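Participant: take this sequence and fold it.
(one chain, ligands or ions: 1)
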Amino acid sequence: MALVNEHFLKLPNNYLFADIAKKVNAFRTTHPKADVISLGIGDVTQPLCPSVIDAMHRAVDEMGAVETFRGYGPEQGYDFLREAILKNDFLPRGIHLDIDEIFINDGAKSDTGNIQELIRWDNSICVTDPIYPVYIDSNVMIGRAGVQEDGRWSNVVYLPCTAENGFVPQLPDCRVDVIYLCYPNNPTGTVISKQELRKWVNYALKNDTLIFYDAAYQAYIQDPEIPRSIYEIRGARKCAIEFHSFSKTAGFTGVRCGYTIVPKDLTAATLQGERIPLNPLWNRRQCTKFNGTSYISQRAAEAIYSPKGKAQVKAVIDYYMQNARNMLASFRSLGLTCYGGENAPYIWMRTPGSTSSWQFFEELLYGAHVVCTPGVGFGPSGEGYVRFTAFGNHEKTEEAIRRIEKWIR
Ligand SMILES: *Cc1c(COP(=O)(O)O)cnc(C)c1O
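Facilitator: Numbers count the residues shown, from 1 in each chain. A predicted model of the protein is given here:
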């Protein structure tokens, strides 16, 4: 008899975006003529830029000729891409990485979920709240999160991020083994200053804590003072693993490519206290369970670092950030309280009065035919907030803004 991993059964079977889709479908059935605009799900809408498309076409042609065909690539990724990352994302900010510290992935979601295989099942984990659900759910699956009570997992330390603390989480008041940080943040759209991030690195060094740092939205940072990588902070090489993705940077959500940094200075302890470097462990894990990201995707990613590619990618990010500015200006002029949206493609809105997240979601859907994401779906501290994304096209976003203005007035 094969025994099932019962930890899976602890996962709540309602997935946020499935619940939203159900409610939107119910609305559509009763209002078949209504044109619903979604500012909900966190997916991009603009096509891949021409430099990326050209690179993909060239790579496809290479795959079609016997002289240039490529089979399995290196599990860690091709050097042409790792070198481009090193030269463009890190060296200009004074960060020196070894090429072996960069692991090309098939998107950051897999690696933010898989990375916890490197640590024992009984480590304590800590998250900021609200949060990207993958961090907790991947720990639930291996039995590290405990049991769920009132929307909280018993073995997870939650650090609330709310208007009351300006979305700056307090350091935990106890020792924890692992902390997940995500900046710019999904869902709140807020960022962390160098000074604040330094506190986390210092905490981690002092308490022997491992930081998993998700930088999926770093390309949206407009303010040059905001760190784009945790390695801008001295000492982070000894305590942090960082995740990057080309999904939001360059519209790769359907292409699949990103990268993970595992510094060689980073170690974790055995029960006997011996320090084990994590870089070779991750390399071993990848070689055993991963056969690399497709050559075509990696050539596509390389193209965003060419001068033309950089300009084209920036233009798309500017396009989305214009949506964010328009939404912020409108919502604020309506007297609504909003956060984020300045260095990230998300706006985190406080629901008016004591309206709950789901209640506001339904009122907005029925009143303005616009879909947002209920904040409580990202964790208990998200109650009383909703998330709007800037990933729509201009026309639809403008139309949604007009409808919300009319509805609120
Ligand atoms: C979108 C997103 C990612 C990236 O996911 P991919 O698998 O690279 O598409 C990672 N982290 C967060 C917080 C995200 O919102």
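Participant: any idea what the residue in the stretch 301-409 of the chain that the ligand sits nearest to is bridged to?
Facilitator: Nearest to the ligand in the stretch 301-409 of the chain, going by Cβ to the nearest ligand atom, is Y346, at a distance of 8.8 Å. In short, each C-beta sits where N, CA and C put it, glycine included. Under DSSP bridges, the beta-bridge partners of Y346 are T389.
Participant: surely it and R387 touch.
Facilitator: Yes - between Y346 and R387 there is a contact under Cβ atoms under 8 Å: 5.6 Å.
Participant: got any residues that touch both of these two?
Facilitator: Residues touching both Y346 and R387 by Cβ atoms under 8 Å, 6 or more residues apart in numbering: 187-189.
Participant: want to throw those residues into TSV with pLDDT, neighbour count and distance to V147?
Facilitator: Formatted as TSV, those follow (pLDDT from 0 to 100; neighbours: other Cβ atoms under 10 Å; distance: Cβ to Cβ, whole Å):
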residue	pLDDT	neighbour count	distance to V147
P187	98	28	25
T188	98	29	27
G189	98	28	31
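Participant: near the ligand, which residues of the stretch 1-150 of the chain are found?
Facilitator: 42, 107-109, 132 (Cβ under 6 Å from any ligand atom).
Participant: try 5 Å
Facilitator: By Cβ under 5 Å from any ligand atom, the part of the stretch 1-150 of the chain that sits against the ligand consists of 107-109, 132.
Participant: local confidence estimate at N13?
Facilitator: At N13, the model reports a pLDDT of 73.
Participant: same question for N393.
Facilitator: In this model, N393 carries a pLDDT of 95.
Participant: how about the stretch 251-400 of the chain: which residue is closest to the ligand?
Facilitator: Scanning the stretch 251-400 of the chain for proximity to the ligand using Cβ to the nearest ligand atom identifies G258 as nearest, at 4.6 Å.
Participant: near that residue, how many other residues are there?
Facilitator: 27 (other Cβ atoms under 10 Å).
Participant: any idea where the helices of this protein begin and end?
Facilitator: 16-30, 50-63, 79-85, 108-114, 134-140, 194-207, 246-250, 278-289, 295-303, 307-333, 357-368, 394-408 (DSSP state H).
Participant: of all those helices, which one is nearest N123?
Facilitator: Across those, the minimum distance to N123, taken as Cβ to Cβ, is reached by helix 134-140, at 9.0 Å.
Participant: determine the set of other helices and strands touching the closest one.
Facilitator: When contacts are defined as 3 or more Cβ pairs under 8 Å, 6 or more residues apart in numbering; DSSP states H and E, helix 134-140 packs onto helix 108-114, strand 125-129.
Participant: how distant is the last one from the center of its chain?
Facilitator: Read it as strand 125-129. Offset of strand 125-129 from its chain centre (Cα atoms, centre = their mean, to the nearest Å): 14 Å.
Participant: now for it, which elements pack on it?
Facilitator: Applying 3+ Cβ pairs under 8 Å, 6+ apart, one finds that strand 125-129 contacts helix 134-140, strand 156-160, strand 178-182.
Participant: identify all contacting residues around that strand.
Facilitator: So strand 125-129 is contacted by 135-136, 139, 144-145, 155-161, 169, 172, 176-182, 185, 378-382 (Cβ under 8 Å, 6+ apart).
Participant: narrow those residues to those that are buried.
Facilitator: 135-136, 139, 144-145, 156-161, 169, 172, 176-182, 185, 378-379, 381-382 (16 or more other Cβ atoms under 10 Å).
Participant: for this protein, which spans come out with low pLDDT?
Facilitator: 14 (pLDDT under 70).
Participant: quick check: the gap between whatever residue of it ends up closest to the ligand and D89.
Facilitator: Nearest residue of the chain to the ligand: G107, at 2.7 Å (Cβ to the nearest ligand atom). Taken as Cβ to Cβ, to the nearest Å, the spacing of G107 relative to D89 amounts to 17 Å.
Participant: then I99?
Facilitator: Noted for I99: a distance of 13 Å to D89, by Cβ to Cβ.
Participant: for the two, indicate the residue with more neighbours.
Facilitator: Using other Cβ under 10 Å, the more surrounded residue of I99 and D89 is D89, with 22 against 12.
Participant: can I assume that one is in contact with S229?
Facilitator: Yes - with contact defined as Cβ under 8 Å, D89 reaches S229; the gap is 7.3 Å.
Participant: so H7 touches G143, yeah?
Facilitator: Yes - here H7 reaches G143: they are 4.4 Å apart, a contact under Cβ under 8 Å.
Participant: tally of neighbours for the nearest residue to A301 once chain neighbours are set aside?
Facilitator: Take A301 and drop its neighbours on the chain: the residue closest to it by Cβ to Cβ, 6 or more residues apart in numbering is C257, 4.5 Å away. C257 has 28 neighbouring residues, counting by other Cβ under 10 Å.
Participant: residues contacting C257?
Facilitator: Applying Cβ under 8 Å, 6+ apart to C257 gives the contacts 104-107, 245-246, 293, 297-298, 300-301.
Participant: just K23 next, same as before
Facilitator: K23 is in contact with 361-362, 365, counting by Cβ under 8 Å, 6+ apart.
Participant: just give me the neighbour total for K194.
Facilitator: Neighbour tally, K194, other Cβ under 10 Å: 11.
Participant: find the nearest non-adjacent residue to it, please.
Facilitator: If the residues on either side of it in the chain are set aside, K194 comes closest to P227, at 5.2 Å by Cβ to Cβ, 6+ apart.
Participant: now W153
Facilitator: Nearest non-adjacent residue to W153, counting by Cβ to Cβ, 6+ apart: A145, 4.0 Å away.
Participant: next, give phi and psi for the one you found.
Facilitator: phi -90, psi -10 (degrees, to the nearest 10).
Participant: was I right about it contacting N139?
Facilitator: Yes - with contact defined as Cβ under 8 Å, A145 reaches N139; the gap is 4.7 Å.
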